[in-house]
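Asks: have a look; sequence and predicted model below, questions after that.
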Amino acid sequence: MARWGFFITFEGVEGSGKSTLATSLAHSLESLGFQVVLTREPGGTPVGEEIRTVLLRRGQEMEGWTEAFLFFAARYQHVRRVILPALQNSRIVISDRFSDSTFAYQGFGRGVPLRLLQRLNKLATLGIQPNLTFLIDLPPSEGLRRKNQGEITRFEDEKLRFHERIREGYLKLAHRAKKRFRVLDGTQPLDTLQQEILETTLRRLREKGKYRGPIPPYHLNP
């Protein structure tokens, strides 16, 4: 039976650069011979991508619980069809957002009770948790400034205070799960972040007996 894989997630406020960094890490690990599955939430499956369209479409109001249930539906499909099979086959799974986004956005951002979100999330994830989570932290005002007009979604249309609550929530989540989270200053240069993420990942893989080589400098373009 194949050994269980390794699950990495990237989290952060809008415009934090996590998507670029997740892709960069996937390319670096593939260059070292790892089999990598790069995915995202909401999305990752045809059903999930349809739900993503509904969740991100501008100009529509949506209750916090409605958002949460849609995210959980997409996540269950994602876990069953993509994440679980990949982990069962020794793959490294890198996901641009996962459960912590729900706690930060719908919990701290929208005010949906965290305890209830955690119960439902356990069902949606089949109990699967990331081995390592990178939180790309930066002021929400800076993240929103970085976004191109074509990238604006319903969430970016929210007031700044909403995004500030999300950032505060992420930092609280990271404090509660210090062993899993690695909080990085998102205002650092891109290549600095790429190198730190690669080094941290390879050290964790080494601790799990999944990597025995040296830790190389980051050399791939994002």
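Replies: Thanks, I have it. Residues are numbered from 1 along each chain as shown.
Asks: please make it C-alpha for all contacts and neighbour counts, starting now.
Replies: Noted.
Asks: packing partners for the worst-scoring helix or strand of the chain on mean pLDDT?
Replies: For the chain, using mean pLDDT, DSSP states H and E, the weakest element among its helices and strands is helix 140-146, scoring a mean of 93. Contacts defined by 3 or more CA pairs under 8 Å, 6 or more residues apart in numbering; DSSP states H and E place helix 140-146 against helix 160-176.
Asks: centre of the chain versus the helix it packs on, how much separation?
Replies: In this view, helix 160-176 has its centroid 14 Å away from the chain centroid, taken as CA atoms, centre = their mean, to the nearest Å.
Asks: can you list contacts of that helix?
Replies: With CA atoms under 8 Å, 6 or more residues apart in numbering as the test, helix 160-176 has contacts from 12-13, 100, 103-105, 108-110, 135, 137, 139-141, 180-183.
Asks: which ones are touching the most centrally placed residue in the chain?
Replies: In the chain, the C-alpha closest to the average C-alpha coordinate belongs to Arg97, at a distance of 2.3 Å (CA atoms, centre = their mean). Applying CA under 8 Å, 6+ apart, we find Arg97 in contact with Thr9, Phe10, Glu11, Arg40, Glu41, Pro42.
Asks: for those residues, which one is nearest Leu190?
Replies: Within those, distances to Leu190 taken as CA to CA reach their minimum at Phe10, with 14.9 Å.
Asks: run through the residues that contact that closest one.
Replies: In this structure, Phe10 makes contact with Lys18, Ser19, Ala22, Ile94, Ser95, Asp96, Arg97, Phe98, Thr133, Phe134, Leu135, Ile136, judged by CA under 8 Å, 6+ apart.
Asks: would you mind measuring from Gly15 to Asp137?
Replies: Here the distance between Gly15 and Asp137 works out to 10 Å (CA to CA, to the nearest Å).
Asks: pLDDT at Met1, what is it?
Replies: In this prediction, Met1 carries a pLDDT score of 51.
Asks: where along the protein do the helices fall?
Replies: In the chain, the helices defined using DSSP state H lie at 18-31, 46-56, 64-78, 84-88, 99-102, 114-125, 140-146, 160-176, 190-207.
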